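Enquirer: kindly generate the corresponding structure for this input.
(chains A and B)
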Amino acid sequence: MKKIYFDIAATTPVDPKVATLMSHVMTQTFGNPSSIHKFGQESHSVIERARLQLATALSCEPGEIIFTGGGSESNNLVLQGILKSGDHIITSTYEHPAILNVLEALQIKGLETTLINPTKNGVIDCSEVINAIQPNTKLISIMAVNNELGTINPIAQLSEIAAENSILFHTDAVQMFGKLPMDLSEIHIDFMSISAHKLYGPKGVGALYIRQGNILPAILHGGGQENNLRPGTENIPGIAGFGLAAELATQNIAPNIKNILELETRFLTGLAENGIEFTRHCNSHIPGLMNISFHDVKSNLLLMNLDMEGVAISAGSACSSGTLKASKVLLQIGVSEKLASESVRISLGKLHTKEDVDYTLQKISKLIPRLQNSSEINA
Amino acid sequence: MPKKKVLVAMSGGVDSSVTLSLLLDQGYECIGVTMKLWENKDPISNVVRNSNCNTVEAINGAKMVCDRLGVHHYTLDFMDVFKKNVVDDFSKEYLAGRTPNPCVRCNSIVKWETLLQQAHLFGLDYIATGHYARIHHEKDESYLLKGADILKDQSYMLWQINPDALKKTLLPLGEMTKSETREYAKSRGLETAQTPESMDLCFVNGNDYSKFLNEIMPEKMNSVKPGNIMDEAGEVVGEHTGFTNYTIGQRKGVGVAFPEPRYVKKINPIDNSIVIARKEAMYTDHCYASQLNWFIEPPTKEMVTFAQIRYNSKGSDATILKDGSNYRINFKDPQLAVTPGQSIVFYDNNKLIGGGIIEI
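Expert: Numbers count the residues shown, from 1 in each chain, chains lettered A, B, ... in the order given. Purely as a prediction, here's the structure:
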């Protein structure tokens, strides 16, 4: 059976070049980067080379990057490091749980929060952020790209608003980095979280960008690695892999976007030609991410049936045991409950081909009429 | 010919794991599903407690086995169906002074009816479970036979299944003994080979059903007050703590001291009393049955059969006779602690011919 992975927004396969490098580093460069001897020096250099690659990819200074255990950890380092009891934060209702659940925990300790709803276009309205500013607002944290909708937030404007009001600005850019060009020399972002596994790098590695001059109190304490912010002997192969993955992603970003957009159009045109009734949510998004409601077919039913045909997509947000909860994000942007329960996320990437799209089109076109006729039991 | 496709209900235990593996051996194409039926939440903190009912470990076990065997696995949320049809009925029955058998309802409504619908939605031909019972097809009729492992036979728990559903059901463990199942699982290296037997009610934490009832319907349980314990002559001999805390046939914890043991014979919510009696008085020679489900033509005249009034009880030869919309059952050997709300199941040798809910 064919196996097609259209869930690039969840995670990506590791690029073979990245895997080769990591495997080499893992076996050959095992010294402790903090050691004085040659073994340590080699490992240390691997990390610093990766830091340089990331800095180049983001147009920032290597000293502004620290490596972490992933996007969630980067978010935690910023939020827990910056926010104290009595502070106020402005964020959005559709942030990743690695923002929302951290804030929920901090609220118990006296943090004030304002959560802004996305507009019907799936983006955060700058004027609403301005209106939410209070004298004690310490941080504005708005994600760069929403993971379910693929919509792109006005990060440059939001960061200016923050700067004008002497408020720190953080963005969770996990879904943007590697998919759209980013130039940190042109926007005044204070903190930014990114992750390797969304751009064909390994899992378990992320980074936090900390604008020069910003002071971030540490929440983890130990051996002083990563500028005292992320103690513990470094994940050398993971970091090396992240460096290369970032380099590859930014080098080829223009041709990748072009190819992905072509496949996206082919898919959407194909659906229409096959007479499939669907609604695509929101007008503008990152290339390759489609949030689509197929009319009269429950999302999890389509997901599972398509999976049995070898095509992997996603729906709602999966919890750790793999059951599904209905998408809150779609309800937040005013999509009807019915359409929200019928929405799936199909995300394409650089490795996909026309054949993958055509195979999926064929399977979906066969499944939809059968599922529309089945009685509904999974409300 | 394309392979027939089966939806296998995976609890995460050894039985369903072996069921899946056997069906694959037999050439079926399989999909594994674990039904999420209940979350045992602490009523105050709302934190999910571990219980036997599809814990994360159970789901993980099912996923690992499916993965080892190259089978897709999904966790399906059937909590609404389960709550409405099993848990609500369970609570209602206890408030009526009866002792329900939720597993029977869960099997017929959740595991069969709902799973068959799901199989249809997945475009599959059959469902399969790891129950120890066999299905026999004869011309247009399908019925259940006791499992080959007479000690493990679970047909009693399946009496309420719609006979038509059996046509689309596979029970590959029916021919196996439990030890053969374990041996098989070990020989195939299935991760769930050593999982312990689950015995308690899956949704009731620690089998403390009294605590469970208090958590799930605190208002109604508040109205369950202490009342009189009476002997058979109607003499008040003590005070009970609330009738929902007692089960017919219960001896321990009744709280009344007699030289000879006393058993709960009757629970009467109307005057909030319970009646206790000596063991001899706990035997009855007849009872009634409601909500019958037949795998044969429903008997219209008196019929000789073998009746079993609880899982793992010996049972007795009996005659059954229609009595209004119910049936009356006369036991050849008087039966101990016949309990309203429990299941009575009728057999013709190994063949399960029907069943109902006990009434007195």
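
Enquirer: how about low-confidence regions in the chain?
Expert: I went with chain A, as the question did not name one. For chain A, the stretches with pLDDT under 70 are A:316-326, A:375-379.

Enquirer: hmm, no, I was thinking of chain B.
Expert: B:49-55, B:199.

Enquirer: up against chain A, what does it have?
Expert: B:31, B:36, B:56, B:59-60, B:63, B:72, B:74-77, B:80, B:114, B:117-118, B:120-123 (CB under 8 Å from any CB of the partner chain). In this view, the C-beta of every residue, glycine as well, is placed from N, C-alpha and C.

Enquirer: could you pull out the helices for the chain?
Expert: Reading this off chain A. Here chain A has its helices, by DSSP state H, at A:16-28, A:38-58, A:71-82, A:97-108, A:126-132, A:155-164, A:236-251, A:253-273, A:299-308, A:328-332, A:337-340, A:354-373.

Enquirer: that was the other one, I meant chain B.
Expert: B:14-25, B:56-68, B:79-82, B:88-95, B:102-105, B:115-121, B:178-187, B:209-216, B:218-222.

Enquirer: report the buried residues of stretch A:291-306.
Expert: A:291-294, A:297-306 (16 or more other CB atoms under 10 Å in any protein chain shown).

Enquirer: just the C-alphas of stretch A:190-198, formatted as PDB.
Expert: The C-alpha trace of stretch A:190-198 is given here as PDB (Å, rounded to 0.1, in the frame of the first residue of the first chain):
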ATOM      1  CA  ASP A 190      12.600  40.300  21.800                       C
ATOM      2  CA  PHE A 191      12.200  36.500  22.100                       C
ATOM      3  CA  MET A 192      11.300  33.900  19.500                       C
ATOM      4  CA  SER A 193      10.800  30.100  19.900                       C
ATOM      5  CA  ILE A 194      11.600  27.700  17.100                       C
ATOM      6  CA  SER A 195      11.900  24.000  16.700                       C
ATOM      7  CA  ALA A 196      14.000  21.700  14.500                       C
ATOM      8  CA  HIS A 197      11.400  18.900  13.800                       C
ATOM      9  CA  LYS A 198       9.100  21.200  11.800                       C
END
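
Enquirer: quick one, domains of chain B?
Expert: B:5-207, B:225-277, B:282-359 (automatic domain parsing).

Enquirer: okay, those domains in JSON lines with mean neighbour count next?
Expert: As requested, the domains of chain B are exported to JSON lines (neighbours: other CB atoms under 10 Å in any protein chain shown):
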{"stretch": "domain B:5-207", "mean neighbour count": "19"}
{"stretch": "domain B:225-277", "mean neighbour count": "16"}
{"stretch": "domain B:282-359", "mean neighbour count": "18"}
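
Enquirer: out of these, which gets nearest to A:Y359?
Expert: domain B:5-207 (17.7 Å; CB to CB).

Enquirer: show me how far that closest one is from its chain's centre.
Expert: 11 Å (CA atoms, centre = their mean, to the nearest Å).

Enquirer: hmm, back to that, switch the domains of chain B over to a markdown table; also include distance to A:T353.
Expert: Converted to a markdown table, those look like this (distance: least, CB to CB, whole Å):
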| stretch | distance to A:T353 |
| --- | --- |
| domain B:5-207 | 24 |
| domain B:225-277 | 64 |
| domain B:282-359 | 55 |
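
Enquirer: nearest to A:I155, of those?
Expert: Closest among these, once you apply CB to CB, is domain B:5-207, at 35.8 Å.

Enquirer: circling back to that earlier point, nearest to A:S314, out of the domains of chain B?
Expert: domain B:5-207 (13.2 Å).

Enquirer: how long is that closest one end to end?
Expert: From its first residue to its last, domain B:5-207 covers 37 Å (CA to CA, to the nearest Å).

Enquirer: who does A:H170 form a beta bridge with?
Expert: A:S141, A:F191 (DSSP bridges).

Enquirer: much appreciated, bye for now.
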